[in-house]
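Below are the sequence and a predicted model; questions follow.
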Amino acid sequence: MEIMKLLAIEKKGVQPTLITRAWHRVQERVRSPATRGRLAKMITWLRPRGAPANTDIGIAELKKHGVCMMPGFMNDAEIAKLRTALSEFNCFDPWREHLGEFRHDQIPQGTHVAQIPCAAQIEQLHAIAYDRRLIDLVTAYFGCRPYLDSIQAWWSVSGNDEPEEAENFHRDNDSIRFLKFFLYATEVGEENGPHVFVAGSHVQNTLTEHRRLSDSEVKAAFGVERIRIMTGKAGDAFMEDTFGIHKGQLPKSGKRLLIQFRYSVTESIFRSPLIVAPAADIQPELATSLIND
């Protein structure tokens with residue numbers, strides 16, 4: 001098996017600045033999507049403009065629905081190689097850190113999410129994060145050059161009876177404006193914990209409270225027809241404004257391996273705690289990476 005290159009760690013335990021923490025407390029209290037949009041637009045004028053090379057990239061879909069589907073983002077051979085390599089790395093339960101690290105095939109009972117802590121070190125994931133299809137879409141959505149805020153990967157695990165944390169509907173409040181790119185590294189059917197998103201909820205002033213939401217109140221507020229269940233093949237992907245209402249469905253069988261990149265108009269308090277050496281063959285002028293700060 002080809003060994004995946006890990007970038008050297010330059011700093012550990014990096015924390016967001018006091019200004020970032022203070023701004024986060026302000027922005028998370030702004031619940032109106034329209035007001036959040038106006039504030040974000042003001043902030044983008046302080047950022048470098050950026051210039052998408054391709055504007056025919058699903059920006060209309062993303063603005064209208066809050067999600068842009070990218071089926072076949074990686075081909076079968078590429079995603080199989082990536083999945084095999086990721087399967088060699090240890091994981092940890094972010095809600096039960098006392099369990100320590102473990103392999104993905106030895107996940108302790110009761111764990112819902114098994115994160116791969118070295119994801120931000122993996123050079124190939126940095127290359128994906130700078131893929132022009134993603135950078136162009138994010139830049140067009142923000143109207144400025146984005147921050148690459150974090151790179152994460154995790155297994156979602158079956159065998160649990162009740163959803164936990166982000167397996168319930170909610171709105172993210174990572175920044176005043178941000179996007180998340182999700183890449184399935186395993187096939188995800190309805191039983192394997194598909195991502196679920198309420199189309200158009202990112203701009204609708206309904207159920208904007210900062211809390212977990214029940215399935216019944218989301219269905220009553222938006223209608224079943226707007227709830228999208230994101231099943232897909234390994235290699236399928238989507239870009240999403242996760243201020244919109246969403247969840248990662250509790251898996252009923254198997255495991256789901258997901259890779260996530262966060263892009264933002266500002267640094268968020270959820271930025272990567274790892275600073276690593278720059279990856280080769282990327283264009284740093286396309287995005288400000290907080291992982292290579």
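Okay, I see it.

Now do the strands in the stretch 1-150 of the chain.
9-11, 67-70, 91-92, 101-102, 113-115, 147-157 (DSSP state E, counting those that start in this stretch).

just the stretch 151-293 of the chain next, same as before
Using DSSP E, counting those that start in this stretch, the strands of the stretch 151-293 of the chain run over 178-184, 195-198, 227-230, 237-240, 246-248, 255-264, 275-276, 288-289.

To residue 62, which of those strands lies closest?
Among those, strand 237-240 comes nearest to residue 62, with 6.1 Å by C-beta to C-beta. Every residue, glycine included, has its C-beta placed from N, CA and C.

Give me the residues contacting that closest one.
Strand 237-240 is touched from outside by 58, 62, 66-71, 73-74, 134, 137-138, 179-184, 195, 197, 230, 246, with contacts defined as C-beta atoms under 8 Å, 6 or more residues apart in numbering.

Under the pLDDT cut-off, which ranges of the protein? List them.
Counting by pLDDT under 70, the chain shows low-confidence ranges at 1-3, 55.

which residues in it form helices?
When secondary structure is read from DSSP state H, the chain shows helices at 18-27, 33-44, 59-65, 76-86, 123-129, 132-142, 215-222.

Out of those helices, indicate the one that is most buried.
helix 132-142 (a mean of 22; mean count of other C-beta atoms under 10 Å).

one step back: save the strands of the stretch 1-150 of the chain as TSV, and put in distance to residue 254 and mean neighbour count too.
Conversion of the strands of the stretch 1-150 of the chain to TSV gives the following (distance: least, C-beta to C-beta, whole Å; neighbours: other C-beta atoms under 10 Å):
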stretch	distance to residue 254	mean neighbour count
strand 9-11	32	12
strand 67-70	22	21
strand 91-92	16	22
strand 101-102	18	14
strand 113-115	13	21
strand 147-157	9	24
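
With distance to residue 79 as extra columns, can I get those in CSV?
Putting those into CSV (distance: least, C-beta to C-beta, whole Å) gives the following:
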stretch, distance to residue 79
strand 9-11, 26
strand 67-70, 13
strand 91-92, 19
strand 101-102, 24
strand 113-115, 19
strand 147-157, 13
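
and of the ones you listed, who's closest to residue 209?
Closest to residue 209 of these, according to C-beta to C-beta: strand 67-70, at 21.5 Å.

Pull the residues that contact the closest one.
Residues lying outside strand 67-70 but in contact with it, judged by C-beta under 8 Å, 6+ apart, are 57-59, 61-62, 133, 137, 197, 199, 228, 236-241, 244.

swap the cut-off to 6 Å and go again
Contacts of strand 67-70 with the rest of the structure, by C-beta atoms under 6 Å, 6 or more residues apart in numbering, involve 58, 61, 62, 197, 237, 238, 239, 240.

Buried by neighbour count, from these: which ones?
If you count burial by 16 or more other C-beta atoms under 10 Å, the buried members of the contacts of strand 67-70 come out as 58, 62, 197, 237, 238, 239, 240.

Quick check: the farthest pair among these?
Comparing all pairs in the buried ones among the contacts of strand 67-70 by C-beta to C-beta, the longest separation belongs to 58 and 197, at 14.7 Å.

and the nearest residue to residue 273 once chain neighbours are set aside, how far is that from residue 37?
Nearest-residue entry for residue 273: residue 14, 5.1 Å, with adjacent residues in sequence omitted and distances by C-beta to C-beta, 6 or more residues apart in numbering. Taken as C-beta to C-beta, to the nearest Å, the spacing of residue 14 relative to residue 37 amounts to 29 Å.

Tell me the one of the buried ones among the contacts of strand 67-70 nearest residue 222?
Nearest member of these to residue 222, counting by C-beta to C-beta, is residue 197, at 10.7 Å.

The closest one is in contact with residue 229, isn't it?
No - if you go by C-beta atoms under 6 Å, residue 197 and residue 229 don't touch, sitting 8.6 Å apart.
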